[in-house]
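Trainee: Sequence plus predicted model, see below.
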Amino acid sequence: MRAWGERIRRADPRWQDLGLTLLVQVATTIPFVVPRDPQDSPATWTAYLLMTLGNVPLVWRRQAPVAAIFGMVAAGSLYTLALDGPGQPLPYAPLVGVYTMALLCPARVRVAMGVTLTGLIFASVALNTGTAKELLFALFVFAAAYALGRLQYTRQAYTVAVEARAAELERANRIEAEQAAARERARIAREMHDILSHAVSIMIVQAEAGPVAVRRAPERAEAAFDAIAETGRDAMAQLRTMLGVLRTDRAQEVAPRSPQPGIAELPLLLERVRGSGPQVSYERTGAVRVLPAALEATVHRVVQEALTNAVKHSGASNVSVRLEYGPGALTVTVTDDGQGPGTGSGTGPGAVPGSGAGGPSGGHGLIGIRERAAAHGGTAEFGPGPGGLGFSVRVVLVTSPLEVGR
């Protein structure tokens, strides 16, 4: 039965109205075919055809509900006044018409039709029995048909609102998923840039120094080649950690789950950079404490990118890395004594190392630093070092979750 009901609801409205008209026709035919008292009004074909004519407007009840009601009333009045055929227990067609009018028509039309139909009910009862019982019954059944129509209107409006809300939530979820995927792609791009840019820069510097060291100091050449190998292995390990979770072709291969490097790994990073030539100093001040893993990973990447720019673009011989632990923030400052802004790979006045369009970095490293700082509610500043010499990267990261976004 439920399947049949669902099939009827999904059918074309014209077929629904035609079926409803046939159903009303069957109901109004019953008084014509059941045994009748000889003293009752005769069941003639003329009366049956006129009664059928009063049911036909139901076919157009959706397209013209008001006209359909007047057509039913006109046919019913002619049936009662001219022929006086077999009576009906209920005015089926007019009740369906009132239900449809209450469902589809605006308030102005409903009020006008309500006044009109009430007057017609009083006139019809006066011409029939004139009793209060018939009047109250007629008013009750037509009021019930009207109330059912309004209830169905409310139900349909609620269903439409729920479906619209569900569609809106689906769109919002889809947009949120797309934005999350875009953010994840940007994060992976930043990570890959930081890892590869740092590793390749160190390897290039070591490789360029290798031939000279082979001729002048073979022991230094061996150390340079060891540094190249160690840098490459570390970069590969970090890439496997970052990208391993994206592999779905081999379920049996478990991606490495080692944490990203943090502040504790900075000394190893600085040691590799020292092997490339510049002297790197490292200092931590303030209330040194353990920070969230995500924040420590950001500190590591910021220092890594700043050191990469110092080695790759500025030709610095001395680099200073300083972490200042404040009550609610951590300040990371990386300063070098290299060429400074305007003399690096940038092309215009005030260009910063790695920010020129023609430079190897293309500016993505400094952009990445700024994005990482913003993700933790902080800021990033780039410019000349002390006395206008060299280059300085200063990043402030909020360490208290309550302060983020203020």
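Mentor: Great, that's in hand.
Trainee: For the helix or strand residue 121 falls within, give the mean pLDDT please.
Mentor: Taking DSSP states H and E as the criterion, residue 121 maps to helix 107-127. The average pLDDT for helix 107-127 rounds to 90.
Trainee: Packing partners of it?
Mentor: Packing partners of helix 107-127 (3 or more CB pairs under 8 Å, 6 or more residues apart in numbering; DSSP states H and E): helix 65-78, helix 92-104, helix 132-216. From N, CA and C alone the C-beta is placed, and that goes for glycine too.
Trainee: Which secondary structure state does residue 338 sit in?
Mentor: State at residue 338, reduced to three classes by DSSP: H, G, I helix; E, B strand; the rest coil: coil.
Trainee: For it, give its distance to residue 60.
Mentor: From residue 338 across to residue 60, the span is 87 Å (CB to CB, to the nearest Å).
Trainee: And the two? Which one has more around it.
Mentor: Applying other CB atoms under 10 Å to residue 338 and residue 60 shows that residue 338 carries more neighbours, namely 23 against 15.
Trainee: Correct me if wrong: that one contacts residue 391.
Mentor: Yes: applying CB atoms under 8 Å as the test, residue 338 and residue 391 come out as touching, 6.2 Å apart.
Trainee: buried set for stretch 317-328?
Mentor: 319-321, 323-324 (16 or more other CB atoms under 10 Å).
Trainee: repeat for stretch 272-281
Mentor: Using 16+ other CB under 10 Å as the test for burial, stretch 272-281 gives 272-273, 275-276, 278, 280.
Trainee: so where is the stretch 301-406 of the chain shaky, pLDDT-wise?
Mentor: Applying pLDDT under 70 to the stretch 301-406 of the chain flags the ranges 340-364, 401-406.
Trainee: let's go with 50 and repeat that
Mentor: 343-362, 403-406 (pLDDT under 50).
Trainee: show me where it has strands.
Mentor: 318-325, 329-336, 379-384, 391-398 (DSSP state E, counting those that start in this stretch).
Trainee: Can you name every helix or strand that the first one contacts?
Mentor: The contact analysis (3+ CB pairs under 8 Å, 6+ apart) places strand 318-325 against helix 266-274, strand 279-286, helix 293-309, strand 329-336.
Trainee: ok, now with 6 Å
Mentor: Strand 318-325 sits against strand 279-286, strand 329-336, with contacts defined as 3 or more CB pairs under 6 Å, 6 or more residues apart in numbering; DSSP states H and E.
Trainee: Also the third one?
Mentor: Strand 379-384 makes packing contacts with helix 364-375, strand 391-398 when contacts are defined by 3+ CB pairs under 6 Å, 6+ apart.
Trainee: now those in CSV, with mean neighbour count?
Mentor: Compiled in CSV, those are given as follows (neighbours: other CB atoms under 10 Å):
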stretch, mean neighbour count
helix 364-375, 20
strand 391-398, 22
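Trainee: Which one of the ones you listed lies nearest to residue 231?
Mentor: Of all these, it is helix 364-375 that lies closest to residue 231, at 17.1 Å by CB to CB.
Trainee: Wait, residue 84 touches residue 41, no?
Mentor: Yes: with contacts counted by CB atoms under 6 Å, residue 84 reaches residue 41, the gap being 5.0 Å.
Trainee: returning to what we had before: quick one: least confident of the buried residues of stretch 272-281?
Mentor: Within the buried residues of stretch 272-281, pLDDT reaches its minimum at residue 276, with 73.
Trainee: Let me know the distance separating it from residue 205.
Mentor: Distance of residue 276 to residue 205, computed by CB to CB: 4 Å.
Trainee: which ones are touching residue 68?
Mentor: 57, 60-61, 97 (CB atoms under 6 Å, 6 or more residues apart in numbering).
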